[in-house]
Structure formats: C-alpha cells, structure tokens
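Engineer: no FASTA, just this:
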C-alpha cells in the first residue's frame, strides 16, 4: 500500500507506463493477501476463545455435579466409609477407571470422579464395589477388604478389633499401650504376674508352681530362690548405706511362694501389696514359713515344676526377724520390693513411732522408687560388656551389669509407673505426698519430721 501511494504521488493515471501498472496490480494483490491472513488469525483466535469458554462451561458443569454428591454420614473411625450414588448421565464425562467416555447409562460418582459401575473396583481384591466402601490413601476398598488389610487387630487374639456404631471398640493397656478386645478382660485371659501384660494366643507364658504366670521377657531376669537373691540383697543394703541409713542388724531374707507369703501376712501390717496380692513382708516377730531353697525347673508345657521348700524358723527377737519376698519376679521388681521392706525394717530399728499406713507405706514406696531411679540412671551410664563378668556369674545371681535390653529399660519405667499411679490410699496417695515432701525438703528432713510428728512436712 505504501508503494502504491508513492506511485500515485509521482505520476497521474494517464501518465502510467505498462511497468507501473503492473506494479500497482501487484501491490493491490499483496494488500488483499495481508487482509485475508489477518482474517484467518482473527478466526483462529475466535475459535480458541470459544474452546476456552467451552472448557470453562464443562468445568462449571462438573463442579455443579460434584456439589450434588453427598457423603454418607456413617463412617468408620479408621477409614472413610461412603455411600455410592448412582446417577443418570446427561452429559459427556470421562470414567476415572478406564478413561473412556461415559454414555447415557447409569454411572457412579464418588471420590471426586465419575465411574462406570464395573470400573469402580476394590484396590485389594480388584472386584467391583456395588455398595458402601472405605477409602484409604486415595484408594477404594470393600469394607471387609479394608478391615482385613488396614484394620487394627487385637494384640491378644490377632483378630480385627470389633466395631460398633461409634467406631472401633477396644481396650488399651495404660502403660504398654496394647489394644485388645474388651472381651479378653472377662474371658480369663492370664496376665503376667510381673509386667501385667495379657498373654497373647500365639505366645504362651510360663506357669509357676503357685499358679502365677510369667511372660518370657520377665523370666529372663527372674530370681527364683533365696540363694540367687543374696547379691541383690547386698546391693540394696549398699544403697541404704549410701544415704547414711545403714541397717546394722543382719536381717534374714527368704524368697517364698505366694501361699506362704499370704499366710505369713495374716496379722501383719507391714506388707508390700500389689492389688489383691502381697509381694513382700517385713516380719518383726518369730514364726515358721516355707522358704524356696531349690530353683524349680521347667517341665512339659513351659511350666515350672519341682520347686523345693523347707520350713524356716523365724526366731523371736526384739528386732526385725525376717524379710520375705515373692519368688519368680524380675530383678528390678524383686529389688524394689526389697527396698520397700528394708525401709520398714529401718523405721522399726531406728525407733520410729507407730505411723499411719499412709505415712509408713508411702515413705517405703518413696525408697523403692528412689532405688528404681538409681538403677535406671545407672543403666544409661554403665556400658560394661557382659563378657567381662566372671565365667561363674549368672544374670540372675548378680547385680545388673552391662547394657540393659530395651525391655528391661521399659520394665523399670513400668514399675515406676505402677508406684506413681497406684490407686490405693496408703501406697498411692501416701507415696505421692511423701515424694512431694522429699522433693521439697529432702529425705533427711522429711524423715526427721515424720519422727517428731508422724506426718509429712508441708
């Protein structure tokens, strides 16, 4: 067009030569070509804009359709249990399963997508889902398949935990945090007499001669007779000496079975109770009790048999005559029982007045708790290899050396937890008040106040 204007400016039409006329025709043709190209560009942009608008309309339609999807209010506590909603297709949609177009047949809208009925399948068994389903990690499952693959199972029977209208129904051990069916608290499932864990169906516990059961982890450090307990007894005496509370009198120690301990407890008040069972006893008067003198052996069915006992006369004296401890308990529990009963003996030998159960049992629990703390602390600092122990030594007949197992560390914390949370007035609340007094005033000032007033200092 610029070239055409220049030609017109230079010459009038009458003065144009043949060459100039050809130039004008070429310029006009070129101009028309450019106009056509612009029209094509405009048409292309219009078509693109139409397509974008169409895409937005489709997205709007999908959003509207999804807004009509309603989730079933009944859900499992561990998975999203939803209800399928068949609808009639009225538009063009793509199946999230096969990626093909969904026609006018019925389809299913769930998990934010549309599906052919035969394409919405369980992630576990690959069969179509026609009713309720559970969702886990963006995958659908039949409810039974979900329970089989992802549902929490009972620690004891290994079956899936029962479900009620509110969700899973289960009990949890307050320390070990094992989930189990509530029915096992009523069906006679045994518990370990030491750590209180219930016996799993796939792992039998050991049966002691007196009817108690002991799990295999606790058995590894269990002290089974009086002779085996002597090194630990000396260790407890050393613990008292380290706090300037030396017990000068030699007090006989005997490990006894449950029946003998319960019989010896008749008429006594200084007994270390655990729920309905006594685990230790400090005896200030003479009597005869059957003491365990020969370690029982393991018989058929992992039961302890052939325990040998003999009468042991506890001669009368104005002092403490004996300390009795339940046999077959792990070293840490035996030691804490010993520390408890040793405190009863120390109070008696030091001439303390008769104290209320809350004060006497409470301060005895404080000493047992302090010994457990010292043992747990030493376990983190004592890294002596068990190979350095004398060849004649046994893990059950010596004070603990070397690195503790993970279970032993947790077991020590469990015994502390038992003392801290004991629901009994004397052993539980008495300990909590006594421990608070010791933390505030120190052990010696607390004991001096108890001697003078029979109560804990405020």
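Structural biologist: Structure's in. What do you need? Not measured: the values here are computed from a predicted model.

Engineer: how about the helices of the stretch 201-350 of the chain, start to end?
Structural biologist: Here the stretch 201-350 of the chain has its helices, by DSSP state H, counting those that start in this stretch, at 216-219, 226-241, 258-265, 331-349.

Engineer: For the ones you listed, give me JSON lines that also has distance to residue 203.
Structural biologist: All C-beta atoms are positioned from the backbone trio N, CA, C, and that covers glycine. Shown next, in JSON lines, are these (distance: least, CB to CB, whole Å):
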{"stretch": "helix 216-219", "distance to residue 203": "7"}
{"stretch": "helix 226-241", "distance to residue 203": "25"}
{"stretch": "helix 258-265", "distance to residue 203": "23"}
{"stretch": "helix 331-349", "distance to residue 203": "20"}
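
Engineer: The ones you listed: lowest mean pLDDT?
Structural biologist: Lowest mean pLDDT within the helices of the stretch 201-350 of the chain: helix 258-265, at a mean of 84.

Engineer: list the helices and strands that helix packs on?
Structural biologist: The helices and strands touching helix 258-265, judged by 3 or more CB pairs under 8 Å, 6 or more residues apart in numbering; DSSP states H and E, are strand 277-283, strand 287-294, strand 322-326.

Engineer: quick one: strands adjacent to the first one?
Structural biologist: The one in question is strand 277-283. Strand 277-283 has its sheet partners listed here by DSSP bridges as strand 271-274 (antiparallel), strand 322-326 (antiparallel).

Engineer: just checking, residue 184 touches residue 198?
Structural biologist: Yes - between residue 184 and residue 198 a contact is recorded at 6.2 Å, counting by CB atoms under 8 Å.

Engineer: higher neighbour count, those two?
Structural biologist: Neighbour count, other CB atoms under 10 Å: between residue 184 and residue 198, residue 198 has more, with 21 against 17.

Engineer: what stretches of the stretch 301-450 of the chain score poorly on pLDDT?
Structural biologist: For the stretch 301-450 of the chain, the stretches with pLDDT under 70 are 301-318, 381-402.

Engineer: how about 50 then?
Structural biologist: Filtered on pLDDT under 50, the stretch 301-450 of the chain yields the residue ranges 314-317, 383-399.

Engineer: could you pull out the strands for it?
Structural biologist: Under the criterion DSSP state E, counting those that start in this stretch, strands of the stretch 301-450 of the chain are mapped to 304-305, 308-314, 322-326, 329-330.

Engineer: ditto for the stretch 51-200 of the chain
Structural biologist: 80-82, 86-88, 93-94, 101-102, 106-110, 113-115, 133-136, 139-141, 163-164, 167-168, 171-172, 179-180.

Engineer: Mind checking those for the one nearest to residue 350?
Structural biologist: Nearest to residue 350, of all the strands of the stretch 51-200 of the chain, is strand 171-172, at 43.5 Å by CB to CB.

Engineer: Could you pull up the residues touching residue 237?
Structural biologist: With contact set as CB atoms under 8 Å, 6 or more residues apart in numbering, residue 237 has these partners: 246, 247, 342.

Engineer: cool, and residue 96?
Structural biologist: Contacts of residue 96 (CB under 8 Å, 6+ apart): 111, 113, 114, 115, 119.

Engineer: Can you report how many residues lie near residue 321?
Structural biologist: 20.

Engineer: Next: the one 5 residues further on.
Structural biologist: Here the neighbour count serves as a burial measure; for residue 326 (other CB under 10 Å) it reads 29.

Engineer: correct me, but it touches residue 279?
Structural biologist: Yes - counting by CB under 8 Å, residue 279 is a contact partner of residue 326 at 4.6 Å.

Engineer: list residues touching both of the two?
Structural biologist: Going by CB under 8 Å, 6+ apart, residues that sit against residue 326 and also against residue 279 are 261, 337.

Engineer: Of the contacts of residue 237, just the buried ones, PyMOL syntax please.
Structural biologist: Buried residues among these (16 or more other CB atoms under 10 Å), as a PyMOL selection:
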select buried, resi 247+342
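
Engineer: Looking at the contacts of residue 237, which is nearest residue 138?
Structural biologist: Nearest member of the contacts of residue 237 to residue 138, counting by CB to CB, is residue 342, at 60.9 Å.

Engineer: Pull the contacting residues for the closest one.
Structural biologist: Here residue 342 is in contact with 236, 237, 240, 247, 251, 282, 323, 367 (CB under 8 Å, 6+ apart).

Engineer: Between the residues you listed, which sits nearest residue 178?
Structural biologist: Nearest to residue 178 among the contacts of residue 342: residue 367, at 30.7 Å, using CB to CB.

Engineer: And for that closest one, nearest residue in space, chain neighbours not counted?
Structural biologist: Closest residue to residue 367 in three dimensions, ignoring its sequence neighbours and counting by CB to CB, 6 or more residues apart in numbering: residue 343, at 4.3 Å.

Engineer: Look at residue 235 and say how many residues are nearby.
Structural biologist: 18.

Engineer: now the contacts of residue 237 as JSON lines including distance to residue 374?
Structural biologist: Shown next, in JSON lines, are the contacts of residue 237 (distance: CB to CB, whole Å):
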{"residue": "246", "distance to residue 374": "17"}
{"residue": "247", "distance to residue 374": "17"}
{"residue": "342", "distance to residue 374": "14"}
